[in-house]
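J.: Coordinates only, no sequence provided:
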């Protein structure tokens, strides 16, 4: 399978060892979010399982198909050439499923996938109504090996461990991650929900493997991307902030309408211009209002 320019650029950027700022990826559930991310200088896009599930009215619990994710990748590719990283959760918990998902997403235009070691069916990392369980490390190793056999170097493979989410030790998390790198993963995401930020700092301080570190700082937004880069992270994924901002904005506009009977733009409920919306799919479009 051929290697796209986006995949090659992402792979090279992840491998860069000089002291530079970390790569920044923004969650983009549609072309509108992708366009915004590009305008604001994000280096890559993240297709989040949670965001896509929520947009489709589905639980974040292994319900999405490869086509659901691939359709989003295709839409993002219409408006930008930024590398697209796809959250494939545990790829359905099977080796054959992982191979199929990887091949389909590579054909759709993805530059990378992120495979996690949660047991099937997965639950969201921050769920309070259920608890995360881990798949066997042997299964994840076989999934990564099959992905490599199926797509070669056409995708960057990021391995994600939910060990800390599941309450396991950092030693176990690092040990599993090292195995996943040996199987063919090119970067490591040791996920954390520690809101103090101490745990992700410790992860970076103790990780001695040459594979670059990735972080999703949802639980510790007080740490800036510069601070995370200084700690040792090469890629920071802001997985769902645009969707959360959009939800808050839509709710504010709807509540203002309920109070006043109008969608008048205000400081509490700002509205983008109609022209901004037109230009997502047609950059040269003009609006009369």
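T.: Perfect, I can see it now. What you see is a predicted model, and the numbers here were worked out from it, not measured in a lab.
J.: drop to CA atoms for contacts and neighbour counts, all remaining ones
T.: OK.
J.: Quick check: phi and psi at residue 156.
T.: Dihedral angles of residue 156 (phi, psi; degrees, to the nearest 10) stand at phi -80, psi 130.
J.: what's near enough to touch the residue nearest to it when sequence neighbours are not counted?
T.: Once flanking residues are discounted, residue 156 sits nearest to residue 112: 4.3 Å by Cα to Cα, 6 or more residues apart in numbering. With contact set as Cα atoms under 8 Å, 6 or more residues apart in numbering, residue 112 has these partners: 7, 83, 84, 85, 86, 155, 156, 157, 158.
J.: Let's see if you can find the most crowded of the residues you listed.
T.: Per-residue neighbour counts (other Cα atoms under 10 Å) across those peak at residue 84, which has 31 neighbours.
J.: what bridges to that one?
T.: Counting by DSSP bridges, residue 84 is bridged to residue 45.
J.: residues near residue 278, how many?
T.: Counted with other Cα under 10 Å, residue 278 comes out at 14.
J.: Would you check how far apart it and residue 75 are?
T.: 16 Å (Cα to Cα, to the nearest Å).
J.: Which pLDDT value goes with the closest residue to residue 116 other than its chain neighbours?
T.: Spatial nearest neighbour of residue 116, excluding adjacent residues (Cα to Cα, 6+ apart): residue 160 at 4.3 Å. We have a pLDDT of 98 for residue 160.
J.: So residue 160, which state does it fall into?
T.: Per DSSP: H, G, I helix; E, B strand; the rest coil, the secondary structure class of residue 160 is strand.
J.: Work out for me the element residue 157 sits within.
T.: Under the criterion of DSSP states H and E, residue 157 resides in strand 156-161.
J.: That strand: what's the following helix or strand?
T.: According to DSSP H and E, the helix or strand after strand 156-161 is helix 170-183.
J.: list the helices and strands that next one packs on?
T.: With contacts defined as 3 or more Cα pairs under 8 Å, 6 or more residues apart in numbering; DSSP states H and E, the packing partners of helix 170-183 are helix 137-151, strand 156-161, strand 187-190.
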